[in-house]
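> Sharing a model prediction with you, sequence too.
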Amino acid sequence: MLSRRGLLQSLLLGLIGTVLPACQSRSALRLAIHPWIGYETLYLLEELGQLPNDIVLEKYSNTSEKITPLQEGLLDGGAFTLDEVLSIRAQGIPLTIVAILDISAGADVVLVKNKPAQPPFIQANQRIGFEANQVGQLMLDLLLVHVGMTREQVRLYPIPVGDSQIEAWQRDKIDALITFEPYASKIKRLGGQVAYSSQDFPQRIFDVLAIRSDKLNTYQNSIKSLLTGHFAMLARIQQQPDDSLYRIASRQRISFEEAKQALHGVILPSLARNRQLLSQQSGQLQQAIVHLQQLMQSDYPPLSLHNTSALYRADLLPSLVK
């Protein structure tokens, strides 16, 4: 027979046994990420042990690999380009943008083997390699509009970003390649010359952090902590550039100078700029959305892209320090 103290201890242990599983039942918020200079603040947070405990970064080698797990419910969001978010939402997956991580201003590039002396640097019937995802399609469309050509005037070769692109370049399967850092630096080492970059298409390629809309309330505090950490890492990159760049270079397997050059190819919006972009209904972000809708509607007519309600919100951003 249990004593009064033994009975109380048993009851207490039973209570703990029922409470703990309830506290631990909330699974982690799984966010997709792949190598890209604009996402380095998230990698740094994890490396320095400052990632919220209930957020997990799921690593992928390129952007294409992230879409299927998201569709299958294995991911709750992640780092995407703006056009990817529009496409994913059009497929019925409710994503909400909570931060603008970067605006590409040169880090997305079109590389050629034999650059002509005068533009246009892309010629008819050239073999162009590109990743057949949203950002790859977007860069291709922006490029062709820029040089006044159509897809029918060139030969297109869908190639995943990474080793496959490097192999295609080395085996002379393509004349030009649409890619981004850190892979652009690796192709440059093999003789690739920059013909065009996202600097030629300003304010078109936004990289964002987007979360499933139905997860925002549950993980509100963790998302706020993650965003606070993101801006802290931006400050760290500015205050300790050498250490940050060495970490980035080591992770991306590029040189310090290549990492520095890649960082110069993106605009990293401040907290104040984020608040401005995510609060305006007719600013640069909205203009980019309209432009992307026009491009994507012509390429993907089945997608319903007109509905952008609840597409982005600013209230999860940290408060501005006065």
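Structure received. Residues are numbered from 1 along each chain as shown.
> Tell me the pLDDT of the spatially closest residue to residue 182 that is not a sequence neighbour.
Leaving aside its sequence neighbours, residue 182 sits nearest to residue 252 (C-beta to C-beta, 6 or more residues apart in numbering; 3.9 Å). C-beta coordinates here come from the backbone N, C-alpha and C atoms, glycine included. pLDDT for residue 252: 91.
> so who does residue 129 touch?
By C-beta atoms under 8 Å, 6 or more residues apart in numbering, residue 129 lies in contact with 157, 158, 159, 165, 168, 169, 173, 174, 176, 177, 178.
> can you tell me which helix or strand residue 174 belongs to?
Residue 174 belongs to no helix or strand when assigned by DSSP states H and E.
> Would you agree it is in contact with residue 128?
Yes: with contacts defined as C-beta atoms under 8 Å, residue 174 counts as touching residue 128 at a distance of 6.7 Å.
> Now do the shared contacts for those two.
residue 157.
> ok so, going back, now pLDDT, distance to residue 285 and secondary structure too, for the contacts of residue 129, in JSON lines please.
As requested, the contacts of residue 129 are arranged in JSON lines below (pLDDT from 0 to 100; distance: C-beta to C-beta, whole Å; DSSP: H, G, I helix; E, B strand; the rest coil):
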{"residue": "157", "pLDDT": "96", "distance to residue 285": "32", "secondary structure": "strand"}
{"residue": "158", "pLDDT": "95", "distance to residue 285": "29", "secondary structure": "strand"}
{"residue": "159", "pLDDT": "94", "distance to residue 285": "30", "secondary structure": "coil"}
{"residue": "165", "pLDDT": "94", "distance to residue 285": "30", "secondary structure": "helix"}
{"residue": "168", "pLDDT": "96", "distance to residue 285": "34", "secondary structure": "helix"}
{"residue": "169", "pLDDT": "97", "distance to residue 285": "34", "secondary structure": "helix"}
{"residue": "173", "pLDDT": "97", "distance to residue 285": "37", "secondary structure": "coil"}
{"residue": "174", "pLDDT": "97", "distance to residue 285": "33", "secondary structure": "coil"}
{"residue": "176", "pLDDT": "97", "distance to residue 285": "30", "secondary structure": "strand"}
{"residue": "177", "pLDDT": "97", "distance to residue 285": "29", "secondary structure": "strand"}
{"residue": "178", "pLDDT": "96", "distance to residue 285": "23", "secondary structure": "strand"}
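> So how do I select the buried members of these in ChimeraX?
To isolate the buried subset of those in ChimeraX, counting by 16 or more other C-beta atoms under 10 Å, use the following:
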select :157,159,165,168,169,174,176,177,178
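> Among the contacts of residue 129, which one lies nearest to residue 146?
Nearest to residue 146 among the contacts of residue 129, counting by C-beta to C-beta, is residue 178 at 12.3 Å.
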